[in-house]
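*Asks:* Coordinates for the following, if possible.
(2 chains)
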Amino acid sequence: MFFQPHTIEEALALKREHGAAASFIAGGTDLIVMMNRGRCPAKNYIDLSHIPGLDEIKRARNDNPPADRMPPGAAEIYTAGCCATFSRLAELPVTCLAGAALSVGGPQIRNRGTIAGNIVSASPAGDGSTALLSLDAALELRNANGPRLLSLRDFFLDYRKTALADDEMIVSIRFPAAWKSAWQKLGKRGAMNISMVCCSCAVSESGRFYAAFGSAGPSPMKARRTEEFLTGAAVRTGDGGMTLSGKAIDEAARIAQEEVQPIDDFRGGADYRRAMAGVLLKRALRQIIA
Amino acid sequence: MKSMITLTINGQRTALEVPPSRTLLELLKGDLHLTGAKLGCGIGECGTCTVIMNGRPVNACLVLAVEADGSDIRTIEGESDGEHMSDLQQAFIDFGAIQCGFCTPGMIMSARALLMRNRNPTRDEIVEAIAGNLCRCTGYKPIIEAIEAVARARNEGGYKTSEDAHAPYVGGAAKRIDGVEKVTGSATFVHDMVLPGMLHARIKISPCASARIVHIDTGKAAAMPGVKAVLAGKDLPYKVGLYLQDKNILARDHVRYQGEMVAAVAAETEEQARAACDAISIQYDVLDPVLDVEEAFASQSRLVHEELGKYSWLKGVFFPKPGTNIAHHQKIRKGDVNDGFARASLITQYEFNNPPVQHAPMETHTAIAQAKPGGMVEITTSAQSPFTVRNLFCHTFGTPHSKVRVRVPYVGGGFGGKAGIHLEPLVYCLSKAAGGRPVKLTCRREEEFNTLPSRQGLHSVVRTGVTKDGKITALDVRYLWDAGAYADYGVNIGRAAAYSGAGPYTIPNCSIDSYVVYTNKVFGTAYRGFGHLEVLWAIERNMDLVAKRLGMDPYDFRMNNLLRTGDTTITGEPFTENHGRPDKCLEIVAKEIGWERRWKQPATRNASGRKLRGVGLAMLHKAPAMPTFTSCSVVIKFNEDASVNVLVSGVDYGQGTYTAFAQIAADELKIPMEKVHIPWDCDTDYTPYDWQTVASRLTVMGGNAIIEAARECLNQIKQMASHALRISPDYLVCENSRVHVKGQPSKGLDYKQLALGYTYPDGNSIGGPVIGHGRCIAHGLTHLHPETGQGLPALDWTYGAHAAEIEVDAETGFIEVLRIVSAFDAGKVINTQQCRSQVIGGVVQGLGSALSEKFIFDKNGCFLNATFKDYKIPTAKDIPQEMRPIFVETPYPAGPHGARGIAEHPMISVPSVIGNAFADATGIEMFEFPLDPETVYMALNYSGSTASVAGNKYVTLETPHCGRQGEP
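*Replies:* Residues are numbered from 1 along each chain as shown, chains lettered A, B, ... in the order given. This is a model prediction of the structure:
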């Protein structure tokens, strides 16, 4: 069955009814690929493309009550609707996320593919997810009973496994609007690449460093030890920015190379991916402190 | 369940009822008959289906029609009224931005969407806008130039078309004659075709590389809704094959590669056929596959074809060895290699590898066939060679040739992969089993990779003897071709690559053994310059390696040994002044790249030391590989208004031959080019014989036939005019669509007065409709001697050279190609624009092989990267900053206007030149391509150890740059 609800409430009622047997569909750049290949990813589809407003992106001060203030380290945040496309995200002044969005597919895919689709697919190579992890993004999830907020770092559980319940949808994603960040991705050619490895870094207003990697583990991963090291090693500059010594950058790359858990497959070897995680991290950090 | 949707398509509101699973592409093509958008992959990786939805480009294959409800859709059909081209359409024609035309509609839509949103796009923005549209023919550069021209002209009053070419057309830049059809999306490919009553077929392919088929149960499938025919191998007791009949239409008893067709269904809809295929159950007894070519070569117990001895093959040309895996062994013996090595002061031996790769034409293989009452057969197919399809078909089924009709309309790229015969026999058998309804089978992209043939892998061992002063005294080579499961074109590649297998050099003592070896992999076939890109990887890398061991500049070493007038080739063919100038090609590219200066200075690094630059050179050569009796024919018939239709059966699947034909015909007949019409469909019922569209032979042989046909037309015109004007035909000349008395232009007749015969003022008529035919056959070729390979194998050789400058990112292993300069001795450039486009397109295709493309198999022989997602062909972002085609013109006296073929050549030796430049940049010698980032990174970091990545072996020579100091 193919449902076309016009409100979120209708969509969630359908999801409660059908549970795991129904899949939300928006851009379709994953699901329709499967359909075209003769595989049926779900029995029922709930099309979100006719619910108004789900593709909007808003900027606001992060002045919700403390329990609801996510991500906690951001003074100003963007809230992107689940159906915001990569093309829209590529226009934001958030370097890592815009870079990640622009590195997805070609313009055709970016015009259809949505950020929530990228997150729920939980692909280890998810470019958008990796960038959002480095922004300590938070998800607003909702079922028919109401919403809950979940940090993206608690969302990915294992290979293609997430914390999303069968009756839930991602309604929106919140991420910092003004953190300095950088994006690095390595593919096999100039465009239309699945990441061999990708790396996203960001630094919060308070000087905390964040680093995440794609194609470096069973799901997009946060490099916690690397983040701790960088946060400790960084020095505040006169103009209020953060800087890192060359030695610290090298050490961070070394830690990250220990931390990532890439696999060997036909798309790339683990040794190469591990080495590249370090190279990309260094490049991203140099961009951030430049 | 169906939903009502409303779309505005090209400005027109349309209400439709659609099932939820229908994609926008299916809706456009199937329901609305807007066939401009194409299906190239179905997974959003190629962009051929691009349309503009609410102002933004999207892949119509990945949008459900119900999701598009309420949208504004713009397709290629809305780009112009079909009469007046839009600025982009006109610029695509003017800049030669079109070849096969299959990607063109999607490409124009992406460009249009950019221009709608961005008034002044930069080059980078243009490249980004088309980075999601793959093109396998043009190399993107002419496309980028066309879009740039339109963008620039917007601020200057709009794009103005460039002037049309004038007579004489040969040697000019006449625009493609198929331009309008392709930029408007009205060119109809087999992919777009639907016949009344047509059924749709799907195939079931083998999941394992080698297995015995224990049992096939088709009962459930046959009973499913809509199913009209189900076939398995046991139903089809036929053998097919190009030179060696070793293949079944559907696997019988054994499957020999993963992807081999095992069963097939024809049903009312594609979904029904697919469902029925899924319901066929097959029980396999899985065997240990033969995957390693050296092991296959040596083995007499593990055979891919136990019954090789029972097959039929072209005797006297091919030499299979029953009881082994050797499908063909080609020997070349010249002089005495032992003596040659004895006289050498240095003997080297190197081994090289290259993996199988794919043509990846944007249009996958597709065919429609109908078994008609009375034994008539009609086939419409995306094939390169209608007459060869017919001939092989008749050979397999014993059908009289006159009862089989093969039609070939526009073809979306082939590059050799659509030569020979592929889907046609199966589709015919399905039609027959379905009571004679037409059946269509279109391969999905995954099937194109898994099931249809590839370029063969090659393992080469090259032993070279040289004197101190850099003269080659002996060359001993063993080529092991990884043919895959069936011979197809592979045996002929093994043959051609042997007689070309020493490169364009004078080798006094030469021994080559070229073995075509069966393995349990997808089989090989012709691919652009077949065999030559592969052997010239070995030979041209070897030239650099040997030069460095000698302490010589590789340029000088090549110059020392290049073929020159008075030399003989390794098959004993005298090299004459008519063969062309390989030395001149080398000299030109070396000069353009700044070789002398660059080679003498150490490889340059950028400030941070992370980027390494280097330059390289490589030679290339190829002659058309063809049977000794290869021929073609052409008919030119005059129409009432003295325009002409030129009927040919060689296929223009993008390479531009028909435009060259029209130029040659117009010049010869003395008429304007717009009066020359070449009907695009080749049709064995109506167009005259042509052997195959392969081997860069069509412009040469077909051009000659056109000249002969045009001269016959002019003779008929002069004969009639001589009666009417009462003067001997010897005193008549033709010009400007008129025949007149020499020196008296006013005393003459317009062609129009003679096109259907001449009528005197009193009504008496003479002559008749003007119709001429021309022929061309490959005169003077011989079979090669079975023991020595001596003989005359080919008509015309085309020589060329590349020089490249690359930059290696030492941290990531990523190679950027900065510049490639390529020179070819084309004899005569018939069309400057088409030749340039061929070179740029071929070079970029070669870069795909050099840098990113290869088949990856698992240990069981299963093909892992059989999609456009994981098989990476170059995008618009992967082209070199600079590509320069240069042409030398040493006439080939037996070619039309002195022309030689050049369509395949640009791709040859591109991996070699990159490999050589890489060694210059890094000091590391690579023996296998592609030089993808991981391979390069590992080589940079682990060379000198015994490590090997993805099967690639690499070494650092002890004295990598000894040539620099000029010391031996």
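
*Asks:* ok, now which ones touch the residue of the stretch 601-750 of chain B found nearest chain A?
*Replies:* In the stretch 601-750 of chain B, the residue found nearest to chain A is B:Arg610; the distance is 9.5 Å by Cβ to the nearest Cβ. The C-beta positions use only the backbone N, C-alpha and C, and glycine is treated the same way. Contact partners of B:Arg610, counting by Cβ atoms under 8 Å, 6 or more residues apart in numbering or on different chains, are B:Asp809, B:Ala810, B:Glu811.

*Asks:* Report pLDDT for it.
*Replies:* B:Arg610 is assigned 88 on the pLDDT scale.

*Asks:* do the same with B:His961
*Replies:* pLDDT recorded at B:His961 is 32.

*Asks:* I'd like to know which residues of the stretch 51-200 of chain A are adjacent to chain B.
*Replies:* A:87, A:105-109, A:111-112, A:186, A:188-194, A:196 (Cβ under 8 Å from any Cβ of the partner chain).

*Asks:* quick check: longest helix of the chain.
*Replies:* Since you didn't name a chain, this refers to chain A. helix A:270-289 (DSSP state H).

*Asks:* hmm, I had chain B in mind actually
*Replies:* Longest helix in chain B, counting by DSSP H: helix B:698-725.

*Asks:* Check which residues of that helix are buried.
*Replies:* Using 16 or more other Cβ atoms under 10 Å in any protein chain shown as the test for burial, helix B:698-725 gives B:698-710, B:712-714, B:716-722, B:724-725.

*Asks:* about what we covered before: list the helices and strands the longest helix of chain A packs on?
*Replies:* strand A:180-186, strand A:197-203, strand A:209-214, strand A:242-243, helix A:246-259, helix B:933-942 (3 or more Cβ pairs under 8 Å, 6 or more residues apart in numbering or on different chains; DSSP states H and E).

*Asks:* Once you drop chain neighbours, what's closest to the residue of chain A at minimum distance from chain B?
*Replies:* Nearest residue of chain A to chain B, counting by Cβ to the nearest Cβ: A:Gly106, 1.6 Å away. Distances taken as Cβ to Cβ, 6 or more residues apart in numbering or on different chains put B:Gly132 closest to A:Gly106, at 1.6 Å, once the chain neighbours are dropped.

*Asks:* Pull up the gap between that neighbour and B:Gln330, please.
*Replies:* Computed as Cβ to Cβ, to the nearest Å, the B:Gly132 to B:Gln330 distance reads 43 Å.

*Asks:* With B:Asn354 instead?
*Replies:* Counting by Cβ to Cβ - B:Asn354 and B:Gln330 are separated by 18 Å.

*Asks:* which one of these two has more residues nearby?
*Replies:* B:Gln330 (27 against 24; other Cβ atoms under 10 Å in any protein chain shown).

*Asks:* so can I have JSON lines of the contacts of B:Arg610 showing neighbour count, pLDDT and secondary structure?
*Replies:* As requested, those are exported to JSON lines (neighbours: other Cβ atoms under 10 Å in any protein chain shown; pLDDT from 0 to 100; DSSP: H, G, I helix; E, B strand; the rest coil):
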{"residue": "B:Asp809", "neighbour count": "19", "pLDDT": "96", "secondary structure": "strand"}
{"residue": "B:Ala810", "neighbour count": "20", "pLDDT": "95", "secondary structure": "coil"}
{"residue": "B:Glu811", "neighbour count": "19", "pLDDT": "96", "secondary structure": "coil"}
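
*Asks:* shaky segments in chain B?
*Replies:* B:602-607, B:944-968 (pLDDT under 70).

*Asks:* what do you get if the cut-off is 50, keeping everything else the same?
*Replies:* Applying pLDDT under 50 to chain B flags residues B:945-968.

*Asks:* circling back to that earlier point, in TSV: the helices and strands packed on helix A:270-289, plus distance to B:Ile886 and mean neighbour count.
*Replies:* TSV is the format used below for the helices and strands packed on helix A:270-289 (distance: least, Cβ to Cβ, whole Å; neighbours: other Cβ atoms under 10 Å in any protein chain shown):
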stretch	distance to B:Ile886	mean neighbour count
strand A:180-186	35	25
strand A:197-203	40	31
strand A:209-214	44	28
strand A:242-243	51	18
helix A:246-259	45	18
helix B:933-942	29	22
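
*Asks:* what about B:Glu351, neighbour count?
*Replies:* Counted by other Cβ under 10 Å, the residues lying close to B:Glu351 total 13.

*Asks:* So which residues of the stretch 1-150 of chain B form strands?
*Replies:* For the stretch 1-150 of chain B, applying DSSP state E, counting those that start in this stretch gives strands covering B:3-9, B:12-18, B:50-53, B:56-59, B:72-74.

*Asks:* Quick check: which of the ones you listed is nearest to chain A?
*Replies:* strand B:56-59 (4.3 Å).

*Asks:* Quick one: neighbours of B:Pro168, just the number.
*Replies:* 13.

*Asks:* Correction: the previous question concerned B:Cys776.
*Replies:* By other Cβ under 10 Å, the residues close to B:Cys776 number 24.

*Asks:* Partner strands of the host helix or strand of it, with direction?
*Replies:* Secondary structure from DSSP states H and E places B:Cys776 in strand B:771-777. Note on strand B:771-777: by DSSP bridges, its sheet partners are strand B:631-638 (antiparallel).

*Asks:* After the strand it pairs with, which helix or strand is next?
*Replies:* Of the helices and strands lying after strand B:631-638 in sequence (DSSP H and E), the nearest is strand B:644-647.

*Asks:* in that next one, what's buried?
*Replies:* Those would be B:Val644, B:Val646, B:Leu647, for strand B:644-647 by 16+ other Cβ under 10 Å.

*Asks:* Return only those of the residues you listed found close to chain A.
*Replies:* Applying Cβ under 8 Å from any Cβ to the buried residues of strand B:644-647, none is adjacent to chain A.
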